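S.K.: Got a sequence here, can you model it:
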Amino acid sequence: MSSTINTNPEYIIPDLLAAWPWHRAKNPALDHQAEDEANAWVASLDLFEPPQLKKFKACEFNLLASLVGPIQGREYLRISCDLMNFYFAFDEYTDVVNEEEATKIALDVMNAFQNQPSSLGNSKITEMARQFFERTIALVGNDTDGVDHFIADFDAYAKSIIQEADDRVNGHIRSVEEYFILRRDTCGGKPSFSFFGLGLFIPKEVFEHPLMISLTESATDLIAMTNDLHSYALEHARGLDGHNVITAIMHEHELDLQGALFWLSGYASKTVSKFLNDRKNLPSWGEKVDIAVEEYINRMARCVRGYDAWSYETNRYYGSNGAQVQKTRRITLKPREVGYITREQMEIGAKA
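M.R.: Reported below is the predicted structural model:
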């Protein structure tokens, strides 16, 4: 079945996290001053034209940071805000380019993280990465293993974005299994987890344990599924729904949109059960490490819940109707629209 054919523009979304035991929690440090500071920083980088910047700010990525990041006070909230704003700006820039161009952007961002020269010169998105990471290192620079872990995870994320760009240009729709393999990196869950784990000083051997790897993959899959569920209508409107698990399910299993959502609900339930079982079966690494691991898992799980909660509270996906959508579960597909940045604006930004 073609992923672009939907005879009924209205559909009902399932609650993928109905059995998730972690509840919504918000960093109390988020106030108007914190939001204004983070927003002023984004505006100072001149990433978007004024109308697009207004739309970008309306998505409330700082609210997302308060829902998915650690509840450790104002300084950690700020770098969490920077991370979320950077993620979505990076995503917008790479959404409108081909594989070669996405590769150059990703390489420059990685160079910025490692304080190396940029091949693009003073690129706006690269400068955003440099400033954000400089602020992060100033706060958690003593956790060198954690910083290395984040950089490695972000590198995998950046490379996956390049592959996504190639899939998009070629109109390639992956099987569900192949999709999840790529989406575990493109959704940004892994670098978010490692970033939010900075300061916990968890040994490398913990992250290499099979059950910890499984926990991370399950949590990442849940973020991917949740994000794809909420973003489908927006991506469909912008013609970017080729990289969405719902499209992959419809294509592989020959289901309509509503049938694909029912299928996704069952898959999410199995993923939640797997996460909870893996958590119960984790071994001990000693009292000090076990406490840090438990905190890390709670942050990871809170991140999963936070993405879902934010999806109803932001204007990004449902406009001002998020609370109503959360109650009724009903959505109507949107007409076609443009994103926050066009290809032409991206090229200007790269040269600025």
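S.K.: Please enumerate the strands of the stretch 101-250 of the chain.
M.R.: Counting by DSSP state E, counting those that start in this stretch, the stretch 101-250 of the chain has no strands at all.
S.K.: what's the burial count for Asp185?
M.R.: Under the neighbour criterion other CB atoms under 10 Å, Asp185 is assigned a count of 23. (Each C-beta comes from the backbone N, C-alpha and C, glycine too.)
S.K.: Contact partners for it?
M.R.: Neighbouring residues of Asp185 by CB atoms under 8 Å, 6 or more residues apart in numbering: 156-157, 159-160.
S.K.: what's the most distant pair in the residues you listed?
M.R.: Based on CB to CB, the longest span within these runs between Tyr157 and Lys159 and measures 7.4 Å.
S.K.: Between those two, tell me which one has more neighbours.
M.R.: The neighbour count for Tyr157 versus Lys159, taken as other CB under 10 Å, is higher for Tyr157 (22 against 17).
S.K.: doesn't Gly188 make contact with that one?
M.R.: Yes. Using CB atoms under 8 Å, Tyr157 makes contact with Gly188 at a distance of 5.6 Å.
S.K.: Can you show me the helices along the stretch 251-352 of the chain?
M.R.: 257-280, 287-313, 315-318, 322-328, 343-351 (DSSP state H, counting those that start in this stretch).
S.K.: for the stretch 101-250 of the chain, which spans come out with low pLDDT?
M.R.: 118-122 (pLDDT under 70).
S.K.: Which one, of the helices of the stretch 251-352 of the chain, ends up nearest to Ala40?
M.R.: Using CB to CB, the helices of the stretch 251-352 of the chain put helix 343-351 closest to Ala40, at 18.5 Å.
S.K.: quick one: contacts for Glu313?
M.R.: Glu313 touches 60, 63, 322, counting by CB under 8 Å, 6+ apart.
S.K.: how about 10 Å then?
M.R.: 24, 26, 60, 63-64, 67, 322-323, 326 (CB atoms under 10 Å, 6 or more residues apart in numbering).
S.K.: With distance to Phe48 and pLDDT added, can I get the residues you listed in JSON lines?
M.R.: Listed next are those as JSON lines, based on distance: CB to CB, whole Å; pLDDT from 0 to 100:
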{"residue": "Arg24", "distance to Phe48": "29", "pLDDT": "96"}
{"residue": "Lys26", "distance to Phe48": "26", "pLDDT": "95"}
{"residue": "Glu60", "distance to Phe48": "16", "pLDDT": "94"}
{"residue": "Leu63", "distance to Phe48": "19", "pLDDT": "97"}
{"residue": "Leu64", "distance to Phe48": "18", "pLDDT": "96"}
{"residue": "Leu67", "distance to Phe48": "23", "pLDDT": "97"}
{"residue": "Gly322", "distance to Phe48": "23", "pLDDT": "95"}
{"residue": "Ala323", "distance to Phe48": "27", "pLDDT": "96"}
{"residue": "Gln326", "distance to Phe48": "28", "pLDDT": "96"}
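S.K.: And those, which is closest to Thr332?
M.R.: Among those, and counting by CB to CB, the member closest to Thr332 is Gly322, at 13.9 Å.
S.K.: From Ala233, how far out is the closest residue to that closest one other than its chain neighbours?
M.R.: Spatial nearest neighbour of Gly322, excluding adjacent residues (CB to CB, 6 or more residues apart in numbering): Tyr312 at 3.9 Å. Per CB to CB, to the nearest Å, Tyr312 is found 13 Å from Ala233.
S.K.: Residues that sit against both of these two, list them.
M.R.: With CB under 10 Å, 6+ apart, Tyr312 and Ala233 have common neighbours 318, 325.
S.K.: Comparing these two, which residue is more hemmed in?
M.R.: Ala233 (20 against 17).
S.K.: anything in contact with each of Tyr157 and Lys159?
M.R.: In contact with both Tyr157 and Lys159: 106, 185-186, using CB under 10 Å, 6+ apart.
S.K.: Narrow those residues to those in helices?
M.R.: 106, 185-186 (DSSP state H).
S.K.: Quick one: residues contacting the closest residue to Pro9 other than its chain neighbours.
M.R.: Once flanking residues are discounted, Pro9 sits nearest to Leu333: 4.3 Å by CB to CB, 6+ apart. By CB under 10 Å, 6+ apart, the residues touching Leu333 are 6, 8-11, 232-234, 236-237, 241, 257.
S.K.: what's the answer for Ile151, then?
M.R.: So Ile151 contacts 110, 113-114, 133, 191, 194-195 (CB under 10 Å, 6+ apart).
S.K.: taking these one by one, which sit in helices?
M.R.: 110, 113, 133, 191, 194-195.
S.K.: re the thing from before, show me the contacts for the residue nearest to Gly322.
M.R.: 24, 230, 318, 321-327.
S.K.: who wins for neighbours among the residues you listed?
M.R.: His230 (24 neighbours).
S.K.: OK, contacts around that one?
M.R.: Per CB under 10 Å, 6+ apart, neighbours of His230: 13, 16, 307-308, 310-312, 314, 316-318, 322, 325, 331.
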